[in-house]
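Colleague: Predicted model, plus sequence, below.
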Amino acid sequence: MGPHPAVADVRRAVRLSLADLEPGDLVLAACSGGADSLALAAGLAFAAPRAGLRAGLLTVDHGLQSGSARQAAEVAGLPLGLDPVEVLTVTVGTSGGPENAAREARYAALSEAAGRLGAAAVLLGHTRDDQAETVLLRLARGSGTRSLAGMPARTGIYRRPLLELGRGTTVAACAALGLVPWEDPHNLDGRYARVRVRTRLLPALEDELGPGVAEALARTAGLCRDDADALDAWAEEAYGRAVAGERDPAAGKRDPVAGERDPAAGDRGPAAGDCALSDIPKGVALAVPVLEGLPAAVRRRVLRRAAITAGAPPGALSAWHILQVERLVTAWRGQRSVGVPGGIGAVRRCGTLIFVADPPRGDDGDPDSRPLP
């Protein structure tokens with residue numbers, strides 16, 4: 001008699017996730033003791049030796065509640081046959097809120113341990129339900145296609161084998177294997193947005209719309225990911241063209257603004273004055289004519305990449321910031337610099353959009369980052 005269907009599903013998902021690894025590679029399961037990661041760790045313990053792989057376990061003690069060290073020790077002591085097994089103790093800060101701070105501390109610890117142990121992959125227990133929650137949370141924030149693509153099956157060293165499986169499958173797998181999951185009290189704390197989505201919003205949607213909402217949202221994430229991948233590839237090519245052609249063929253003339261005639265048409269007014277770039281520090285420069293010829297979705301990706309390359313922190317760079325910078329291309333009225341996070345400014349001059357760490361100053365000595373008209 002074969003394994004329980006849920007156990008077989010988990011083992012199959014893990015096996016497929018490991019298919020490209022070499023014999024002898026070390027794979028680590030990140031396990032909190034919850035049903036998802038516990039089923040994942042058990043699946044890895046079964047699949048890894050059959051593929052000639054070494055398998056270990058990492059569990060993180062966030063220190064956020066009484067007894068967390070004891071719980072982490074219990075997870076580390078599970079008789080799954082995994083080795084090495086480590087408890088990673090972290091200090092959770094406050095930046096970005098408690099959920100974000102805990103996540104940042106957790107991933108930093110996992111990455112450090114994986115590098116130190118020479119792991120080829122770290123498996124995470126995110127399921128289809130987690131994917132649906134992620135899509136809803138990002139949809140509520142007005143995110144773009146890339147964000148609505150949800151969590152990818154792979155991100156660098158991290159792999160998510162269970163994204164095609166529902167939480168019910170992992171719970172059933174644990175029950176069939178005689179494993180008792182630990183329920184993190186934070187998973188029931190309604191102060192957290194993800195908990196409210198999980199315990200209130202998704203059930204309400206299924207009550208009103210019928211079953212299958214989580215599956216549909218996960219499919220939507222996959223479709224968005226395909227679209228985002230295509231747009232990213234287009235933007236990569238466009239970024240190269242914009243950087244290579246960073247000077248307008250009419251360089252040396254000031255960018256005309258609304259109400260002024262094109263200097264090439266014989267305008268002898270101020271728009272025909274010399275164009276100077278000497279007061280602008282060296283930065284990431286993009287050709288405005290290239291940007292003007294791009295669809296908005298591609299242009300915004302190019303602008304985002306340029307801002308990040310210049311030093312803007314990706315996590316702080318919002319769609320609103322990019323839209324403000326984009327107006328230097330699509331609604332040019334002679335504005336000065338537009339500020340984005342990280343002390344970076346975008347300034348348009350001589351047919352060029354330049355992202356710099358020290359943008360030109362206005363008369364009051366400050367970058368002009370006022371809302372554009």
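Modeller: Done, it's in. Because the structure is predicted, anything quoted here is derived from the model rather than measured. Numbering: from 1, shown residues only.

Colleague: going forward, measure contacts between C-alpha atoms and count neighbours the same way
Modeller: Noted.

Colleague: Number of residues surrounding A76?
Modeller: 22 (other Cα atoms under 10 Å).

Colleague: which residues touch the helix or strand hosting S147?
Modeller: Following DSSP states H and E, one finds S147 within helix 145-148. Identification of contacts with helix 145-148 by Cα atoms under 8 Å, 6 or more residues apart in numbering yields 135, 138-139, 221, 224-225, 227-228.

Colleague: residue ranges with poor pLDDT in the chain?
Modeller: 96, 246-282, 358-373 (pLDDT under 70).

Colleague: Adjacent strands (with direction) for the longest strand anywhere in it?
Modeller: Ranked by residue count and defined by DSSP state E, the top strand of the chain is strand 54-61. Strand pairing for strand 54-61, determined by DSSP bridges: strand 26-30 (parallel), strand 85-89 (parallel).

Colleague: got the ones you listed as CSV, with distance to L58 and mean neighbour count columns?
Modeller: Listed next are the strands paired with strand 54-61 as CSV, based on distance: least, Cα to Cα, whole Å; neighbours: other Cα atoms under 10 Å:
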stretch, distance to L58, mean neighbour count
strand 26-30, 5, 26
strand 85-89, 5, 18
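
Colleague: Out of those strands, which is closest to A173?
Modeller: strand 26-30 (16.3 Å; Cα to Cα).

Colleague: contacts for the closest one?
Modeller: 37, 40-41, 44, 48, 53-60, 110, 114, 118-125.

Colleague: Buried subset of those residues, written for ChimeraX?
Modeller: Here the buried members of the contacts of strand 26-30 are turned into a ChimeraX selection, burial being counted by 16 or more other Cα atoms under 10 Å:
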select :37,40,41,44,48,53,54,55,56,57,58,59,60,110,114,119,120,121,122,123,124,125
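
Colleague: quick one: the residue most central in space within the chain from A113, how far?
Modeller: Centroid-nearest residue in the chain: S147, 6.8 Å away (criterion: Cα atoms, centre = their mean). Distance, S147 to A113, using Cα to Cα, to the nearest Å: 28 Å.

Colleague: Could you do Q71 as well?
Modeller: Q71 sits 19 Å away from A113 when distances are taken as Cα to Cα.

Colleague: Just the strands from the protein, written as ranges.
Modeller: 26-30, 54-61, 85-89, 121-123, 154-155, 158-159, 284-287, 338-340, 344-349, 352-356.

Colleague: quick one: buried residues of stretch 180-195?
Modeller: So stretch 180-195, judged by 16+ other Cα under 10 Å, has buried residues 181, 194-195.

Colleague: Switch the residues you listed over to a markdown table; also include distance to V298.
Modeller: Formatted as a markdown table, these follow (distance: Cα to Cα, whole Å):
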| residue | distance to V298 |
| --- | --- |
| P181 | 45 |
| R194 | 30 |
| V195 | 34 |
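
Colleague: Sort out for me which of the residues you listed are in helices.
Modeller: Mapping these onto helices (DSSP state H) picks out 194-195.

Colleague: which of the buried residues of stretch 180-195 lies closest to R299?
Modeller: For the buried residues of stretch 180-195, the minimum distance to R299 (Cα to Cα) is 31.8 Å, reached by R194.

Colleague: Which residue comes closest to that closest one once chain neighbours are left out?
Modeller: Take R194 and drop its neighbours on the chain: the residue closest to it by Cα to Cα, 6 or more residues apart in numbering is E133, 6.7 Å away.

Colleague: Let me know how buried that neighbour is, in neighbour terms.
Modeller: By other Cα under 10 Å, neighbour count at E133 equals 24.

Colleague: mind giving me the domain split of this structure?
Modeller: The record's domain split for the chain, according to automatic domain parsing, is 5-227, 245-356.

Colleague: In a markdown table: those domains, plus distance to W234.
Modeller: Putting the domains of the chain into a markdown table (distance: least, Cα to Cα, whole Å) gives the following:
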| stretch | distance to W234 |
| --- | --- |
| domain 5-227 | 11 |
| domain 245-356 | 7 |
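
Colleague: Can you check which of those domains gets nearest to E236?
Modeller: Closest to E236 of the domains of the chain is domain 245-356 (Cα to Cα; 7.3 Å).

Colleague: Kindly check the end-to-end length of the closest one for me.
Modeller: End-to-end for domain 245-356, by Cα to Cα: 18 Å.

Colleague: swap in stretch 183-193?
Modeller: Span of stretch 183-193 from end to end, Cα to Cα: 18 Å.

Colleague: neighbouring contacts of that stretch?
Modeller: Residues from elsewhere that reach stretch 183-193, judged by Cα under 8 Å, 6+ apart: 33-34, 99, 137, 195-196, 199.

Colleague: Considering the residues you listed, which possesses the most neighbours?
Modeller: Counting neighbours by other Cα under 10 Å, the top entry in these is G33, with 23 neighbours.

Colleague: quick one, what contacts the nearest residue to that residue once chain neighbours are set aside?
Modeller: Closest residue in space to G33, ignoring its immediate chain neighbours: W182 at 5.2 Å, by Cα to Cα, 6+ apart. Listed by Cα under 8 Å, 6+ apart, the contact partners of W182 are 32-35.

Colleague: what's near enough to touch the closest residue to E86 other than its chain neighbours?
Modeller: Among residues not flanking E86 along the chain, L58 sits closest, at 5.1 Å (Cα to Cα, 6+ apart). For L58, the contacting residues are 28-31, 76, 85-88, 110, by Cα under 8 Å, 6+ apart.

Colleague: Equivalent analysis for P152, please.
Modeller: Residues near P152 by Cα under 8 Å, 6+ apart: R160.
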